[in-house]
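**Student:** what's the 3D shape of this:
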Amino acid sequence: MMPQLQFRDAFWCRDFTAHTGYEVLLQRLLDGRKMCKDVEELLRQRAQAEERYGKELVQIARKAGGQTEINSLRASFDSLKQQMENVGSSHIQLALALREELRSLEEFRERQKEQRKKYEAVMDRVQKSKLSLYKKAMDSKKTYEQKCRDADDAEQAFERISTNGHQKQVEKSQNKAKQCKDSATEAERVYRQNIEQLEKVRGEWEQEHRTTCEAFQLQEFDRLTILRNALWVHCNQLSLQCVKDDELYEEVRVTLEGCSVEADIDGFIQAKSTGTEPPGEARPAGRQPLGPGPSVPKRPGPSSLSLNCQDKAHSSLLGEGPWARPQGGVRDGATPWSGPWPAASSEAEMAQCLRTQLSEGEIEAGAFLQPVWFH
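**Tutor:** Residues are numbered from 1 along each chain as shown. Reported below is the predicted structural model:
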């Protein structure tokens with residue numbers, strides 16, 4: 001197994017004045033903070049969706065009708081409405097749990113921000129101090145180098161003058177060489193002092209850089225762990241919500257298993273039955289004559305009884321037979337009927353002939369509305 005890589009070993013820069021490694025790490029932490037906000041926004045919107053969905057489910061369940069249904073299907077529908085309301089309430093509870101998780105992430109992000117700011121302040125201080133002393137050391141170095149060149153030039157001039165020059169010129173050149181040498185010595189002292197201070201600040205900066213790298217790596221480790229756990233918990237919450245929804249809807253399925261179509265039909269019949277007998281057969285009612293008619297003699301011989309109703313009706317139309325209609329055929333004020341009138345040897349036979357012709361379509365039912373007048 002490979003050893004864990006460390007920030008403190010991987011984010012340095014050869015340039016003394018550059019802070020590229022620190023800037024890369026700082027940008028990573030800022031990107032991580034942005035990721036935390038993105039996860040928080042996801043949880044916030046999901047919580048809003050769950051709350052909105054839950055409230056709509058509750059509203060749908062409470063507004064659902066179903067009062068016209070009866071028996072077992074009514075019970076199943078009522079169970080569905082109740083469980084739908086329970087599902088809506090559970091989604092509202094899920095929204096509250098998501099908001100609680102959201103608050104935890106916000107608090108974690110703010111704690112990391114405060115810790116990061118402390119290390120940023122220290123790093124900014126040591127970096128500025130290092131850059132300032134570096135510039136001062138470089139300036140003193142240039143001064144020292146220039147003083148050294150001046151001292152060398154003065155020494156060379158003194159050597160030339162001391163060979164061929166006058167005593168006064170030699171003394172003057174000697175004094176100048178000595179002054180330049182003293183100036184170079186002082187410049188060297190200042191330069192070395194600045195270098196020592198720079199090295200001291202550099203050591204402090206290096207230590208702070210290592211400490212900051214370790215702190216930043218720990219922050220990154222915590223952030224990744226927290227976000228990974230938050231996403232895991234979020235998925236578990238959604239999965240548990242699905243299981244809870246299924247358990248609630250299972251109660252509806254149980255009631256549906258007890259829903260019997262045949263039993264509901266039987267129950268409706270038993271509760272709302274209006275009777276078991278249909279109305280009687282529709283029969284036409286003939287109108288009775290106003291007064292007794294003349295006695296009708298029987299027609300002699302069986303041959304006369306064998307006549308069908310049409311033959312008897314024909315004889316009636318001719319004014320023959322005992323049931324021939326009178327002049328006019330109807331009462332005063334009634335519309336005459338132009339069709340054949342049935343003739344019969346008796347009132348019972350007359351009624352039977354009428355029923356037979358009505359069923360066979362030989363005459364219309366409206367014809368019976370006219371009263372029959374017997375001769």
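**Student:** okay, residue 311: pLDDT?
**Tutor:** Per-residue confidence at residue 311 stands at 47 (pLDDT).
**Student:** meant to ask about residue 364, not that
**Tutor:** On the pLDDT scale, residue 364 gets 52.
**Student:** Give me the below-cutoff pLDDT ranges for the chain.
**Tutor:** 165, 286-351, 353-375 (pLDDT under 70).
**Student:** what do you get if the cut-off is 50, keeping everything else the same?
**Tutor:** 296, 299-339, 341-344, 367-375 (pLDDT under 50).
**Student:** following the longest helix along it, which helix or strand shows up next?
**Tutor:** Counting by DSSP state H, the longest helix found in the chain is helix 71-164. Where DSSP states H and E defines the elements, the next helix or strand beyond helix 71-164 is helix 167-257.
**Student:** who does that following helix touch, helix- and strand-wise?
**Tutor:** Where contact means 3 or more CB pairs under 8 Å, 6 or more residues apart in numbering; DSSP states H and E, helix 167-257 is packed against helix 20-63, helix 71-164. Every residue, glycine included, has its C-beta placed from N, CA and C.
**Student:** Make a markdown table from those helices and add mean neighbour count and distance to residue 185 to it.
**Tutor:** Formatted as a markdown table, these follow (neighbours: other CB atoms under 10 Å; distance: least, CB to CB, whole Å):
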| stretch | mean neighbour count | distance to residue 185 |
| --- | --- | --- |
| helix 20-63 | 16 | 39 |
| helix 71-164 | 16 | 8 |
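**Student:** I'd like to know which of these is closest to residue 242.
**Tutor:** Of all the helices and strands packed on helix 167-257, helix 71-164 sits nearest to residue 242, with 10.6 Å by CB to CB.
**Student:** Can you give the distance of the closest one from its chain's centre?
**Tutor:** 37 Å (CA atoms, centre = their mean, to the nearest Å).
**Student:** go on, stretch 10-18?
**Tutor:** For stretch 10-18 - counting by CA atoms, centre = their mean - the centre lies 50 Å from the chain centre.
**Student:** Could you list the buried residues of it?
**Tutor:** Neighbour counts using 16 or more other CB atoms under 10 Å place 11, 12 of stretch 10-18 among the buried residues.
**Student:** Next one: the residue nearest the centre of the chain from residue 91, what distance?
**Tutor:** Compute the mean C-alpha point of the chain, and by CA atoms, centre = their mean the closest residue is residue 49, 5.9 Å away. For residue 49, the distance to residue 91 equals 9 Å [CB to CB, to the nearest Å].
**Student:** shared neighbours, those two?
**Tutor:** Common contacts of residue 49 and residue 91 (CB atoms under 8 Å, 6 or more residues apart in numbering): none found.
**Student:** show me the contacts for the residue nearest to residue 105 when sequence neighbours are not counted.
**Tutor:** Computed as CB to CB, 6 or more residues apart in numbering, the closest residue to residue 105 that is not its neighbour in sequence is residue 40, at 5.2 Å. Contact analysis of residue 40 by CB under 8 Å, 6+ apart lists 102, 105, 106, 109.
**Student:** Ok, residue 197 next?
**Tutor:** Contacts of residue 197 by CB under 8 Å, 6+ apart are 133, 136, 137.
**Student:** if we can go back for a sec, what is the nearest of the contacts of residue 40 to residue 142?
**Tutor:** residue 109 (48.2 Å).
**Student:** quick one: the closest one from residue 84, how far?
**Tutor:** Here residue 109 is placed at a distance of 37 Å from residue 84 (CB to CB).
**Student:** Equivalent analysis for residue 189, please.
**Tutor:** Taking CB to CB, one finds residue 189 at 89 Å from residue 84.
**Student:** before we move on, the earlier item: now the helices and strands packed on helix 167-257 in CSV, with distance to residue 213?
**Tutor:** Below are these laid out as CSV (distance: least, CB to CB, whole Å):
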stretch, distance to residue 213
helix 20-63, 6
helix 71-164, 10
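**Student:** who wins for proximity to residue 202 among the ones you listed?
**Tutor:** Judging these by CB to CB, what sits closest to residue 202 is helix 71-164, at 5.9 Å.
**Student:** what angle sits between that closest one and helix 167-257?
**Tutor:** 170 degrees (axes from the mean of the first three to the mean of the last three CA atoms, to 10 degrees).
**Student:** can you tell me the distance between the two ends of stretch 268-282?
**Tutor:** 30 Å (CA to CA, to the nearest Å).
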